[in-house]
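**Q** Give the three-dimensional model of this entry:
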Amino acid sequence: MNSLKEWFLIQSVLDGSSTLSCDRTPLDDYTRSQVYVYPTPEYTDAELWRWNGNYLQNKKSGLVLDIRKGRLRLIEDTEICLFQAKSLDDAGNQQWGIRSSRDEYGRETPGVFIYTLSNEEWVVDLNIHSAGSANGAKLVLYPAKDFDNNNQLWAFTPAEIALTTPDTSPTANTETNDDDILAETRRRSQSSTNSQSAEMTLETLKECHHKAYLENDPHLSNRTIGMAAAYYTIMQWKLSAGKPDPALFGNSISNELQWLQAFAAKQASSLFDKSDTLSSDRSTAAKIAVKVVTQLHSQLPLTP
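**A** Residues are numbered from 1 along each chain as shown. This next block holds a predicted model:
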């Protein structure tokens, strides 16, 4: 695979894993083919996108996001397909932009709207009634909503993070030893019981999570970002355990762990984007998140 620096995954804030992709059915020609949102990523070129000016280009097909027939429709779905990039004079239905979303208190929320430059009030939308379908949900365009709009908000995960398989072996060398939560646990366990040590570690995770997600503090270190992202990931996993969704977590522990690692890395990347601390580094924060969530997962029961 060529350099991934300019490529990224586009994933729904609705569930954190649903991913934009060209049709997974092999086609000879993807021109005019529908763009889908699949419940779990496969980490292939079909799911990679990049900006080319205001075009959003798909890596596998080389084609760009296009409003089918170039018209906005309310009575029926305004579908989004793939098409060859047109000249700028004729590309009104292929030009896109992004903007942040804010809650009723004016606070920025996770994810961004992807809107068409032909009408900025129309945004890329995941039909919540089709979300989670193994066959994929059609990607459509719909008027932006002011609330209950997670199905219209998207996270951009750099491919270098999303496609990196972390080394989770016990002897793996990393650059984040000073931030290793298990090292902290071991130090504390020398003067406390195991239960006290676990509780202290949990408090540290909660503090990082509160600082990053509730206080929206922009001054976050790599350690805080990584631990906050890992804690958030585990909490989402626990919340879903009442009705486990195999489409999200898979049926085996390895699939489950891979999902947790990818989700934690994505969360760390999102927190990094909101951080203004010059000493923070996206890759390091993501590595910490992956390592911490892996360690937490190994310490938890198979069923949260």
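
**Q** ok, now how distant is residue 101 from residue 59?
**A** 27 Å (CB to CB, to the nearest Å). Quick note: C-beta positions are derived from backbone N, CA and C, even for glycine.

**Q** what's the answer for residue 120, then?
**A** As judged by CB to CB, residue 120 and residue 59 stand 26 Å apart.

**Q** So if I had to pick from these two, which one is more boxed in?
**A** Per other CB atoms under 10 Å, whichever of residue 120 and residue 59 has more neighbours is residue 59, with 20 against 12.

**Q** Please go through the chain and pick out the longest helix.
**A** Identified as the longest helix of the chain according to DSSP state H is helix 253-274.

**Q** I'd say residue 100 and residue 106 touch.
**A** No - between residue 100 and residue 106 there is no contact under CB atoms under 8 Å: 11.0 Å.

**Q** And the pLDDT for residue 55?
**A** Residue 55 is assigned a predicted lDDT (pLDDT) of 96.

**Q** er, residue 15 actually
**A** For residue 15, pLDDT reads 82.

**Q** in what helix or strand does it lie?
**A** Element membership of residue 15, judged by DSSP states H and E, is empty: it is in no helix or strand.

**Q** What is the neighbour count of it?
**A** 20.

**Q** and what of the one 3 residues further on?
**A** A total of 27 residues lie near residue 18 under the criterion other CB under 10 Å.

**Q** Excluding residues flanking it in the chain, which one is nearest it?
**A** The spatially closest residue to residue 18, leaving aside those adjacent along the chain, is residue 12, at 4.0 Å (CB to CB, 6 or more residues apart in numbering).

**Q** Hmm, the one you found is touching residue 38, no?
**A** No - Residue 12 lies out of contact with residue 38 (CB under 8 Å); the separation is 10.3 Å.

**Q** more neighbours, these two?
**A** Neighbour comparison, residue 12 and residue 38: the larger count goes to residue 12, with 25 against 22 (by other CB under 10 Å).

**Q** which ones are touching the more buried one?
**A** Counting by CB atoms under 8 Å, 6 or more residues apart in numbering, residue 12 makes contact with 18-19, 37, 126, 131, 150-151, 153-155.

**Q** Now intersect these with the strands, please.
**A** 19, 37, 126, 154-155 (DSSP state E).

**Q** of these, buried ones?
**A** Buried members of the ones in strands among the contacts of residue 12, scored by 16 or more other CB atoms under 10 Å, are 19, 37, 126, 154-155.

**Q** So which of those sits lowest on pLDDT?
**A** residue 155 (89).

**Q** Please list all residues in contact with that residue.
**A** Neighbour list for residue 155: 10-13, 16, 110-112, 266, 269-270 [criterion: CB under 8 Å, 6+ apart].

**Q** change it to 7 Å
**A** Residues in contact with residue 155 (CB atoms under 7 Å, 6 or more residues apart in numbering) are 11, 13, 110-111, 266, 270.

**Q** what bridges to it?
**A** Beta-bridge partners for residue 155, by DSSP bridges, are residue 11.

**Q** What distance do you get for it to residue 61?
**A** Relative to residue 61, residue 155 is positioned 22 Å away (CB to CB).

**Q** Also residue 221?
**A** Going from residue 221 to residue 61 by CB to CB gives 40 Å.

**Q** Please apply the same query to residue 83.
**A** 10 Å.

**Q** Kindly report the same for residue 13.
**A** From residue 13 across to residue 61, the span is 25 Å (CB to CB).

**Q** same check, this time on residue 120
**A** 26 Å.

**Q** cool, residue 220 as well?
**A** 37 Å.

**Q** Quick check on the two: which one has the bigger neighbour count.
**A** Per other CB under 10 Å, whichever of residue 220 and residue 61 has more neighbours is residue 220, with 23 against 19.

**Q** what's the neighbour count on the residue nearest to the more buried one when sequence neighbours are not counted?
**A** Distances taken as CB to CB, 6+ apart put residue 275 closest to residue 220, at 4.5 Å, once the chain neighbours are dropped. Counted with other CB under 10 Å, the neighbours of residue 275 add up to 20.

**Q** For residue 275, list the residues it contacts.
**A** Contacts for residue 275 (CB under 7 Å, 6+ apart) come out as 218, 220, 225.

**Q** so what pLDDT did the first one get?
**A** As summarised for this prediction, residue 218 has a pLDDT of 84.

**Q** Is it correct that it is in contact with residue 273?
**A** No - look at residue 218 against residue 273 with CB atoms under 7 Å: they stay out of range, at 10.4 Å.

**Q** joint contacts of the two?
**A** With CB under 7 Å, 6+ apart, residue 218 and residue 273 have no common neighbours.

**Q** With only the CA atoms kept, save the longest helix of the chain in PDB.
**A** In PDB, the C-alpha atoms belonging to helix 253-274 read as follows (Å, rounded to 0.1, in the frame of the first residue of the first chain):
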ATOM      1  CA  ILE A 253     -12.300 -12.300  21.800                       C
ATOM      2  CA  SER A 254      -9.700 -11.400  19.100                       C
ATOM      3  CA  ASN A 255     -12.400  -9.600  17.000                       C
ATOM      4  CA  GLU A 256     -13.700  -7.900  20.100                       C
ATOM      5  CA  LEU A 257     -10.200  -6.700  21.100                       C
ATOM      6  CA  GLN A 258      -9.500  -5.400  17.600                       C
ATOM      7  CA  TRP A 259     -12.600  -3.400  17.700                       C
ATOM      8  CA  LEU A 260     -11.700  -1.900  21.100                       C
ATOM      9  CA  GLN A 261      -8.200  -1.000  19.900                       C
ATOM     10  CA  ALA A 262      -9.500   0.600  16.700                       C
ATOM     11  CA  PHE A 263     -12.200   2.500  18.600                       C
ATOM     12  CA  ALA A 264      -9.800   3.700  21.200                       C
ATOM     13  CA  ALA A 265      -7.300   4.900  18.600                       C
ATOM     14  CA  LYS A 266     -10.100   6.800  16.800                       C
ATOM     15  CA  GLN A 267     -11.200   8.500  20.100                       C
ATOM     16  CA  ALA A 268      -7.600   9.500  20.900                       C
ATOM     17  CA  SER A 269      -7.300  11.000  17.400                       C
ATOM     18  CA  SER A 270     -10.500  13.000  17.900                       C
ATOM     19  CA  LEU A 271      -9.300  14.300  21.300                       C
ATOM     20  CA  PHE A 272      -6.000  15.200  19.900                       C
ATOM     21  CA  ASP A 273      -7.800  17.400  17.200                       C
ATOM     22  CA  LYS A 274      -9.400  19.300  20.100                       C
END
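
**Q** Much appreciated, bye for now.
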